[in-house]
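A.B. asks: Curious how this folds, go ahead:
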Amino acid sequence: LLGSLQATRALMVAAILLGLVAVFVAVTGMKCMKCMEDDQVKKMRMAVFGGVIFIIAGLAALVATSWYGNRVARAFYDPFTPVNTRFEFGSALFIGWAAASLAILGGAFLCCSCPRRETSYPPTRGYPKNAPSTGKDYV
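C.D. replies: Below is the predicted model of the structure:
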């Protein structure tokens, strides 16, 4: 096979594997999961990290699909390509572009769930603990 075809296949396999990793990382960071529920900031950071991996996977799929689409378009308009061997955009290219767009959009939504930084106000203090009651306290 041509080097460009091997590269596009490798990019798509990398995008699929990165997408699977992103799913597992993002699920770990969801609020409804019991994993890491002690520290909410770390949990939110896991969700954001999953979003970043989704964006990288979407970009890899977008590059691979667009690279192959460019190859198809150049071969179609090449005057030296025989008419019976020309091929056009198929549904797989459109599905690839849609999947890449949705992965990038979903990753962006996960990245927007970044935890807010704490305000500059002084931290809240709890009420002071009272001395134990002797039983003779009247209201």
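A.B. asks: what number of residues lie near residue 14?
C.D. replies: Other residues near residue 14 number 15, with proximity taken as other Cβ atoms under 10 Å. (Glycine included, C-beta is placed from N, CA and C.)
A.B. asks: pretty sure it is in contact with residue 63, am I right?
C.D. replies: No - applying Cβ atoms under 8 Å, one finds residue 14 not in contact with residue 63, separated by 10.1 Å.
A.B. asks: pLDDT below threshold where in this structure?
C.D. replies: 114-139 (pLDDT under 70).
A.B. asks: Helices of that one, start to end?
C.D. replies: 3-28, 40-77, 91-111 (DSSP state H).
A.B. asks: Quick one: closest of these to residue 85.
C.D. replies: Closest approach to residue 85 among the helices of the chain (Cβ to Cβ): helix 40-77, 8.4 Å.
A.B. asks: Please work out the angle formed by the directions of the closest one and helix 91-111.
C.D. replies: 160 degrees (axes from the mean of the first three to the mean of the last three Cα atoms, to 10 degrees).
A.B. asks: Not counting sequence-adjacent ones, nearest residue to the most centrally placed residue in the chain?
C.D. replies: In the chain, the C-alpha nearest the mean C-alpha coordinate belongs to residue 54, at 2.2 Å (Cα atoms, centre = their mean). Sequence neighbours aside, residue 107 is the residue nearest to residue 54 in space, at 3.1 Å (criterion: Cβ to Cβ, 6 or more residues apart in numbering).
A.B. asks: which ones are touching the one you found?
C.D. replies: Residue 107 makes contact with 22, 50, 51, 52, 53, 54, 55, 56, 57, 58, according to Cβ atoms under 8 Å, 6 or more residues apart in numbering.
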